[in-house]
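Engineer: Sequence first, then the predicted structure:
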Amino acid sequence: MLFNLIQGSFHADFLLLISRTNQLIRIYFMRYSQYLLPTLKESPADAEIVSHQLMTRTGMVRKVAAGIYSYMPFGLRAIRKVEQIVRDEMNRAGAIECLMPMANPAELWQESGRWEKYGKELLRFKDRKETEFCMGPTHEEVVTDIVRNTVNSYRQLPLNLYQIQTKFRDEIRPRFGLMRGREFIMKDAYSFDLEEESADKSYEKMYQAYRRIFERCGLNFRAVEADSGAIGGSFSHEFMVLAESGEDAIVSCDGCQYAANVEKAEIRVSDAPAPDPAQSLEKVSTPNQKTIDEVAAFLKLPANKLVKTLIVQTSTEELVAVLLRGDHELNAIKLHNLLGTEWVVMAEDAEVVKATGAPTGFAGPVGLGVRIIADNDVRQMSDFVIGANEQDAHYTGANLDRDFVVEKFADLRQAVAGDSCPRCDGKLEGWRGVEVGHVFKLGTKYSETMGATVLDDQGKSRALIMGCYGIGIGRTVAASIEQNHDENGIIWPMPIAPFQVLVAMLTPKDDAVREASEKLYAELLELGVEVLLDDRNERPGAKFKDADLIGIPLRVTVGARGLKEGQVELKARAGSDIEMLALETAAASLKSIVAAAL
RNA sequence: CGGAGCGUAGCGCAGCCUGGUAGCGCGCCUGGUUUGGGACCAGGAUGUCGGAGGUUCGAAUCCUCUCGCUCCGACCA
């Protein structure tokens, strides 16, 4: 076929050319032989989790530096799919898309106070005039600046601006590929309202939009109550995709909708009174038994008969002793919130020796000269074991009030699976989760410091009530792979699959096979199906292996065997059944299968 | 930032201890034979051995410094 390229234009899946005879010719690009899909048999040594391994093996991403990746064509298609779903749902919820700069002037960040507060995670740099900038890790400052300059009346509210943009956070430890990168794509939205009531509505709209987004992405997730963290604000939810490799621990109730990050999860306070003391305080020798497990095993008692005494150091130079049941873990955030000091850390060994007179591992509340606070659950205990503030010794038969006094009881421990639900009679289940989305109600923190105000209907100037809402786009793709794979590779859910159908031209040298494949491929493109044609001159085995690895939901095999009967084979990546389709109607059938799965 | 480890071909690794021609598997290129679950034969290309300095007749190998990367911890929308 001879033609001159007179004029060309790019479309999604083909190049449109006009031939010498003024005929339109489409050149399709989605041929495996011409596509860039550098699959690997082995996974790189530094890939720890499945999604990172598979994204590398399929050539979806290439690492450029620590936590910084190039999105390769195949990976970008999945990213774009997620972005489109996000965009769609944000628009549906009434948010308006904009795009803010990656380079942020220091000025704005100084105004909000975060230039000082943000720390090393904020990547700072100077331009040629020595003016300071940072790479935007989030955009409260910039968006607040936009709004204060353009929104003056309550009539313009509510307003919700969002963008899908590359962020940069100089993470201490980037890891797990796209899961925790330094440069990453994020959708961030910011809502502005005049009244609390409408601000809550804006929040609720985003919450619902997020549910729809992650449902459409085919993810198994939980929306959990979360700590609002350093960003500040009154309440917040995290959207957690359930996956073993998740960096967060969450609990959810088996009886009601309650779910929370363990950092936040409330503990139900039991009103059962402690049994009366039956033993007297007795010092026992526990040579070299320091940890709870060691002491429990040595004394042949369960860990929940022990009380651990943690010595913590606060920013006010004060040491505080924290008592917890032996099998419970301290929740540092709850402690931090309770003490209200700038920071709280575990005391250095030397400080512990100074405070208790014994090496770490033998601290106890009896005769201790520092403030003692205790977790609520300690109140239900009697005749327990504690450290004796003396090397190689513990007390047994310890009891509250009689042997020592606790200044304050509070919820200080981490929730664990099996705890009672704080809202109903159910039990909490434990999961690992990947945080793919986070919604915050911010309040007036930024609008007040940066002067984002409008006049209300009384002509009074009022600070705007803000909310901010993030979704990690790349992380969502990675989380989906964590959840959808088997030992052979990825199993894409249809809505975010880079391609919907893979046509495997089994033996390209066989004319009948080649022609039938080309025909099916062209028909699918005409029907708007996203199709990749594996036209490589590879052996069938290699094609099947790659097909499984890259995980396109529907695989159509065109081989000499089926073609004799005028048929092609359909296999869903997720299943094991093979269905024969008539070549003549295959494209239409595939189109309807794809449509049904979206 | 503390602890541990790794930088040798596109990827996975050996060689280093005990200094002397830079190797293996996969991938890649050529030719041939193959073709329904990662084929086979023959031939071939590819390396500033992370960088700088030092010791030595001679350094991938020993020493010093440096850069990068990974893992564990603390930290974190």
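Structural biologist: Okay, I see it.
Engineer: use CA for all of it now, contacts and neighbours both
Structural biologist: OK.
Engineer: Flag every buried residue along stretch A:568-577.
Structural biologist: Neighbour counts over stretch A:568-577 (16 or more other Cα atoms under 10 Å) mark A:V568, A:E569, A:L570, A:K571, A:A572, A:R573, A:A574 as buried.
Engineer: before we move on, what about stretch A:273-290?
Structural biologist: For stretch A:273-290, using 16+ other Cα under 10 Å, the buried residues are A:L281, A:K283, A:T286, A:Q289, A:K290.
Engineer: Go ahead and list the helix or strand containing the second one.
Structural biologist: Under DSSP states H and E, the secondary-structure element containing A:K283 is strand A:282-285.
Engineer: these two touch, right, A:Q163 and A:L99?
Structural biologist: Yes. Between A:Q163 and A:L99 there is a contact under Cα atoms under 8 Å: 5.2 Å.
Engineer: between the two, which one's more packed in?
Structural biologist: Higher neighbour count among A:Q163 and A:L99: A:Q163, with 20 against 11, using other Cα atoms under 10 Å.
Engineer: What is the neighbour count of the nearest residue to A:T138 once chain neighbours are set aside?
Structural biologist: Once flanking residues are discounted, A:T138 sits nearest to A:K167: 6.9 Å by Cα to Cα, 6 or more residues apart in numbering. Around A:K167 there are 22 other residues, counting by other Cα under 10 Å.
Engineer: Give me the phi and psi angles of A:E140.
Structural biologist: Taking degrees, to the nearest 10, you get phi -60, psi -50 for the backbone angles of A:E140.
Engineer: Name all residues that make contact with it.
Structural biologist: A:E140 is in contact with A:Y190, A:Y446, A:C468, counting by Cα atoms under 8 Å, 6 or more residues apart in numbering.
Engineer: and if you look at A:A347?
Structural biologist: Contacts of A:A347 by Cα under 8 Å, 6+ apart are A:I311, A:V312, A:Q313, A:L319.
Engineer: Save the residues you listed as JSON lines, and put in pLDDT, distance to A:Q500 and neighbour count too.
Structural biologist: As requested, these are exported to JSON lines (pLDDT from 0 to 100; distance: Cα to Cα, whole Å; neighbours: other Cα atoms under 10 Å):
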{"residue": "A:I311", "pLDDT": "86", "distance to A:Q500": "57", "neighbour count": "26"}
{"residue": "A:V312", "pLDDT": "84", "distance to A:Q500": "55", "neighbour count": "18"}
{"residue": "A:Q313", "pLDDT": "80", "distance to A:Q500": "56", "neighbour count": "19"}
{"residue": "A:L319", "pLDDT": "83", "distance to A:Q500": "60", "neighbour count": "22"}
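Engineer: Filter those down to just the ones in strands.
Structural biologist: Mapping these onto strands (DSSP state E) picks out A:I311, A:V312, A:Q313, A:L319.
Engineer: just checking, the second one touches A:A332?
Structural biologist: No. Here A:V312 does not reach A:A332: they are 10.1 Å apart, not a contact under Cα under 8 Å.
Engineer: any common contacting residues for the two?
Structural biologist: With Cα under 8 Å, 6+ apart, A:V312 and A:A332 have common neighbours A:V344.
Engineer: residue in the stretch 401-550 of chain A nearest to RNA strand B?
Structural biologist: Nearest residue of the stretch 401-550 of chain A to RNA strand B, counting by Cα to the nearest atom of the strand: A:G541, 2.9 Å away.
Engineer: From A:Y32, how far out is that residue?
Structural biologist: In this view, A:G541 and A:Y32 are 15 Å apart by Cα to Cα, to the nearest Å.
Engineer: Looking at these two, which one has more neighbours?
Structural biologist: Applying other Cα under 10 Å to A:G541 and A:Y32 shows that A:Y32 carries more neighbours, namely 16 against 10.
Engineer: picking up where we left off before, right, and out of the ones in strands among the contacts of A:A347, which lies closest to A:N149?
Structural biologist: A:Q313 (44.8 Å; Cα to Cα).
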